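just the structure for this:
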Amino acid sequence: MTNRKSNVKQEAVNLIEVIQSILWALLGVQKSKNHKRDFTKGKASHYIIVGVIMTIVFVMVLLGAVQLALQYLT
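Got it, this is the predicted structure:
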C-alpha cells in the first residue's frame with residue numbers, strides 16, 4: 001500500500017507569501033487560488049504568529065499617528 005502524500009510534492013508556503021496573505025486578509029480581500037494554497041500548504045501557527053505581529057505593528061502605528069496628531073493640535 002502506497003502513501004499518496006509521499007507521492008505528491010507539497011511546497012511549503014514561504015514567509016513572503018504568508019505576509020502577503022495576512023496583508024490581504026487585513027484588507028478583507030483574497031484571491032481564491034491563494035486562499036486554497038493557504039489552507040492546503042500553509043501551517044496555521046505561521047499565520048497566527050505573523051498575524052499577531054502585524055496586528056501589534058498596526059496598532060502601534062495608529063497610536064503613533066494619534067500621538068503625532070495630538071501634538072500638532074495642542
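
grab the longest helix from the protein for me.
helix 44-73 (DSSP state H).

what is that helix packed up against?
Helix 44-73 sits against helix 15-27, with contacts defined as 3 or more CB pairs under 8 Å, 6 or more residues apart in numbering; DSSP states H and E. Heads up, the C-betas are built off the backbone N, CA and C, glycines and all.

if you average pLDDT over the helix or strand just after the helix it packs on, what comes out?
Per DSSP states H and E, the first helix or strand lying C-terminal to helix 15-27 is helix 32-41. Averaging pLDDT along helix 32-41 yields 90.

now do helix 32-41 and helix 44-73, the angle between them.
Angle, helix 32-41 to helix 44-73, by axes from the mean of the first three to the mean of the last three CA atoms, to 10 degrees: 130 degrees.

list the buried residues in helix 32-41.
Across helix 32-41, burial judged by 16 or more other CB atoms under 10 Å covers 34, 38.

residues making contact with that helix?
Helix 32-41 has contacts (CB atoms under 8 Å, 6 or more residues apart in numbering) with 10-13, 17, 20-21, 24, 47.
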